[in-house]
Structure formats: structure tokens, C-alpha cells
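# pasting the structure only:
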């Protein structure tokens, strides 16, 4: 979580002059090249046991991260991460609705607390909640679907093949967006507001530096997270994912001077509390 929070904060550097679609495409190329190099050296395996389910699971995962990275252009990273980490709450809801599972009073209360916390975090200071403010929670929903897919569809799959597929699909999303906006350009607002609207923008040295750091950081962060789940009990390890809210907000304050109001901080605390309750009450 420390590694992912640090590298995700670097996105702010490129949102002013680059494009989400250029960033995702080039980051995928760099990361895939690194993973292929490790595979050629015999360090990892890229063989999937059930390719269809691996692709399906990582489609939802990649879409969630595409929304997540898009939000970084117009919302503070602490808000984006908090909305994204509503995923365990959605896991509970979707498991009840579509998998026939039941939850007790503690986890039901946790779901309510988590949703209340999410609304407090994304609610603008001027009091005007818009659909744009809710997009980080949408990322959390799609990430929850991928989390359920990990359990239901991809049991026994290798860590690196899952990482590789996720990065490749995210890169494909980037390439599609890049192609469409390059062939059919639209008027992009100046600055970070044009992050989602720009087609091809020639990367400068700063963009390449962020892309390379992001590629390495993404691989390292996902591998460390997966290794953590392999070493420890999942119900306890998962609690540590909420530390990303703290790390992301800390780096955003140190690097960019971004701060959150009291209401947002209370909302973050509620989301963390919700996640802890869900993790500890899960079998």
C-alpha cells in the first residue's frame, strides 16, 4: 500500500499536459516488457489454467483502475482512494444479492457505516454532490466484482499471470481511447481538466519518468500485496489495505499540499472501521 500510494501520487505530474490514454498505453507497454523479460529468464510463469475466467476477472479489475486513474485529475487522491476502497462493502452486498450468502448484524452495520463514510468523503465542500463526485465509488464497485471473480473464477491461478492480464487489458483500454481521440479529436480543456479528453500527446521526459516509475511500482505493489496474502490469514491481511488511504493522503499533503476537511477525515475513519469489521467477521 505504501508503494502504490507513493507511485499513484505521481500521476498529478502528468495530468496537466498528458493524456490518460497515452499514460495507460505506454505504462502497459513498459510493464508488459518487464514481465516478459522475467518470463524469458524463467523467473515467472504466464500460463493460465482457465484463460477465459482470468480475462473476465481482469476486465472488471482493469475497468475499475481506469476509472480510478481518471478520477485523479479532478479529485484529491485521498478522496479517490477512499471511494475505491469501498470495494469490500460492495463485496458483501453482491455476495448477498447474487451468491445467496447471508451476513450478520455486525457486517450489516459495517456496510451502512462504509456507505455513510464514502458519501462524507466524496461530498464536495460546497455541499453540491454531483455524479462526478461519486465516480471513485463506481471504481470500488467494479473492483468488488473483480474481487469476487478472484475467489469464484480464478482459484489456483498464478500471481504473475493475473498481474500480466490486468495490465494488458488496462493497456488495451488505453490504446482504444487513444485511437478514438486521435482520429476523432475533441476540444480538451486546459490543464488537468483535459486529462480525459486528450488523444495523443508526445511524452516529455517527465511523463516517461512517471510512466516508468508507475510500471515498476504497480508490479512491485501487486506482487507484495499478493505475497502478503500468501503469508498471512486473508481476514487479517486485508485490513492493511486500508492503510493506503493514510499513505495516499500523507503523500498528497507532502508532495502537492492537498488536504482534506474534517468531514472527509471522519468519512475515511468510518470506511476504515467498516473494512476492519468486515474483515474480522469474515470466515
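Good, I have the coordinates. Fair warning: this is a prediction, and the values are worked out from it, not measured in the lab.
# give the contact list for the residue lying closest to residue 150 once chain neighbours are set aside.
Of all residues not flanking residue 150 in the chain, residue 57 sits nearest, at 6.0 Å (CB to CB, 6 or more residues apart in numbering). In short, each C-beta sits where N, CA and C put it, glycine included. By CB atoms under 8 Å, 6 or more residues apart in numbering, the contact set of residue 57 is 146, 149-150, 153-154, 162.
# quick one: the helices in the stretch 101-250 of the chain?
Listed in chain order, the helices of the stretch 101-250 of the chain (DSSP state H, counting those that start in this stretch) span 105-122, 135-152, 159-183, 205-231, 234-237, 243-256.
# could you check which helix or strand contains residue 37?
Applying DSSP states H and E as the criterion places residue 37 in helix 20-40.
# any idea how far whatever helix or strand comes next after that helix is from the chain center?
Counting by DSSP H and E, the next helix or strand C-terminal to helix 20-40 is helix 51-71. Relative to the centre of its chain, helix 51-71 is centred 9 Å away, using CA atoms, centre = their mean, to the nearest Å.
# okay, angle between helix 51-71 and helix 205-231 too, please.
Relative orientation of helix 51-71 and helix 205-231, computed by axes from the mean of the first three to the mean of the last three CA atoms, to 10 degrees: 130 degrees.
# helices and strands around the following helix or strand past helix 51-71, which ones?
Beyond helix 51-71 on the C-terminal side, the first helix or strand identified by DSSP H and E is helix 77-84. For helix 77-84, the contact count by 3 or more CB pairs under 8 Å, 6 or more residues apart in numbering; DSSP states H and E identifies helix 2-8, helix 51-71, helix 105-122, helix 135-152, helix 243-256, helix 262-281 as packing neighbours.
# again, 6 Å this time
helix 105-122, helix 135-152, helix 243-256 (3 or more CB pairs under 6 Å, 6 or more residues apart in numbering; DSSP states H and E).
# let's have those in TSV, adding mean neighbour count, distance to residue 17 and mean pLDDT.
Listed next are the helices and strands packed on helix 77-84 as TSV, based on neighbours: other CB atoms under 10 Å; distance: least, CB to CB, whole Å; pLDDT from 0 to 100:
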stretch	mean neighbour count	distance to residue 17	mean pLDDT
helix 105-122	20	27	81
helix 135-152	20	22	87
helix 243-256	19	16	86
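# now the ones you listed in CSV, with distance to residue 183?
What follows is the helices and strands packed on helix 77-84, written out as CSV (distance: least, CB to CB, whole Å):
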stretch, distance to residue 183
helix 105-122, 34
helix 135-152, 26
helix 243-256, 34
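# what's the distance between the closest residue to residue 63 other than its chain neighbours and residue 92?
Distances taken as CB to CB, 6+ apart place residue 142 nearest to residue 63, at 5.1 Å, with adjacent residues excluded. Here residue 142 is placed at a distance of 16 Å from residue 92 (CB to CB, to the nearest Å).
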